[in-house]
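Student: From the sequence below, what's the structure:
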Amino acid sequence: MYKTGDVILAQVQFTDTFEVKTRPAVVLFEEHGNIVVAGITGNVKMEGIPLTKKEGSVKDSIIKINYIFTISDKMVKKYLFALSKEKKSILVEELMKKLSKNQ
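Tutor: Next comes the predicted model:
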């Protein structure tokens, strides 16, 4: 069972190709073997929530809250670390902003 804020390494399919790659992602929630995640990129010029090496990331990265997808729990290769309580709060707050923007 994965919890909100868990950072995992998972196989993900890219939206513009059929290619599957192993990439980091942060768990938003898990239900019935499906895990909803936000992708993480090493391209720090992208928009999103910064994630630093000091926080546990392999390198400075960005949590892309505009890149949310569902994976099977079978696609998870490895648990990496958990976001701090503060970073989790920022993640939830930013997601809520995005959701309320579309009302």
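Student: C-alpha only now, for contacts and for neighbours.
Tutor: Will do.
Student: Would you mind confirming that L80 makes contact with V7?
Tutor: Yes - with contact defined as Cα atoms under 8 Å, L80 counts as touching V7 (5.5 Å).
Student: quick one, strands of the chain?
Tutor: For the chain, applying DSSP state E gives strands covering 6-13, 20-31, 34-41, 49-51, 61-72, 76-82.
Student: Mind listing what's buried along the first one?
Tutor: Same thing as strand 6-13. D6, V7, I8, L9, A10, Q11, V12 (16 or more other Cα atoms under 10 Å).
Student: Would you mind measuring from Q13 to Y67?
Tutor: With distances taken as Cα to Cα, to the nearest Å, Q13 is found 12 Å from Y67.
Student: typo on my end, it should be L9
Tutor: L9 is 15 Å from Y67, by Cα to Cα.
Student: do the same with S57
Tutor: For S57, the distance to Y67 - Cα to Cα - is 18 Å.
Student: same question, P50
Tutor: 14 Å.
Student: neighbour-wise, which of those two wins?
Tutor: For P50 and Y67, the more surrounded residue by other Cα atoms under 10 Å is P50, and the numbers stand at 18 against 13.
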